[in-house]
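Undergrad: My questions concern the predicted model and sequence given below.
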Amino acid sequence: MESVGEAYENLADLSALDAEVASLIERGATGLLIHNDQLAMRLLGRLEAFGRRVPDRLSVVCYDDISAELAQPALTAVVPQKEQVGRRAFALLANRVARGSEAGGVQHVALVPELRVRDSTRVPA
């Protein structure tokens with residue numbers, strides 16, 4: 001699975017996006033991982049131009065899952081643990097406010113996302 005570059009977040013340069021997607025397909029990509037739901041939803045229509053029906057000929061997975069289930073087909077999504085991120089951020093902030101300059105430095109937190117499988121993915125033929 002390949003990732004379409006962040007430069008195409010707003011799909012402003014469609015010719016560059018089309019060239020990158022065409023290159024990925026030519027190199028044998030069977031799926032794309034797209035940064036967020038909105039970009040993935042907009043990209044679905046562009047894939048039709050390449051003759052890549054989702055998921056028949058190309059799987060699409062997005063990140064965030066805010067509106068992924070509303071797409072046609074519904075998008076498989078990597079879902080971050082937003083509530084846990086918020087709780088950890090609040091706890092860190094409260095600790096730093098309470099301790100002032102004595103508060104610790106950088107904290108590394110690993111939160112495993114969930115994968116919600118929907119209609120935009122399947123095993124390649």
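TA: Now that the structure is in, tell me what you want to look at.

Undergrad: Next, count neighbours for His35.
TA: Residues within reach of His35, counting by other C-beta atoms under 10 Å, total 16. Where you see a C-beta, it was placed from the backbone N, CA and C, and this is true even at glycine.

Undergrad: Test for you: state the pLDDT assigned to it.
TA: pLDDT for His35: 87.

Undergrad: does it really touch Ala77, like I thought?
TA: No: His35 lies out of contact with Ala77 (C-beta atoms under 8 Å); the separation is 11.5 Å.

Undergrad: Leu70: what's it in contact with?
TA: Going by C-beta atoms under 8 Å, 6 or more residues apart in numbering, Leu70 touches Met41.

Undergrad: What distance do you get for it to Phe50?
TA: In this view, Leu70 and Phe50 are 23 Å apart by C-beta to C-beta, to the nearest Å.

Undergrad: overlap in contacts of His35 and Ala77?
TA: 62-63.

Undergrad: What sits closest to Glu114 if chain neighbours are left out?
TA: Val79 (4.4 Å; C-beta to C-beta, 6 or more residues apart in numbering).

Undergrad: for Arg88, same thing?
TA: Val109 (5.4 Å).

Undergrad: tell me the secondary structure for Gly51?
TA: coil (DSSP: H, G, I helix; E, B strand; the rest coil).

Undergrad: Ile25 is in what secondary structure piece?
TA: For Ile25, the element it lies in under DSSP states H and E is helix 14-26.

Undergrad: counting contacts, what elements does whichever helix or strand comes after that helix pack onto?
TA: Scanning forward in sequence from helix 14-26 by DSSP H and E, the next helix or strand is strand 31-34. Other elements packing on strand 31-34 under the criterion 3 or more C-beta pairs under 8 Å, 6 or more residues apart in numbering; DSSP states H and E are strand 2-3, helix 37-49, strand 59-63.

Undergrad: Return the most buried member of these.
TA: strand 59-63 (a mean of 24; mean count of other C-beta atoms under 10 Å).
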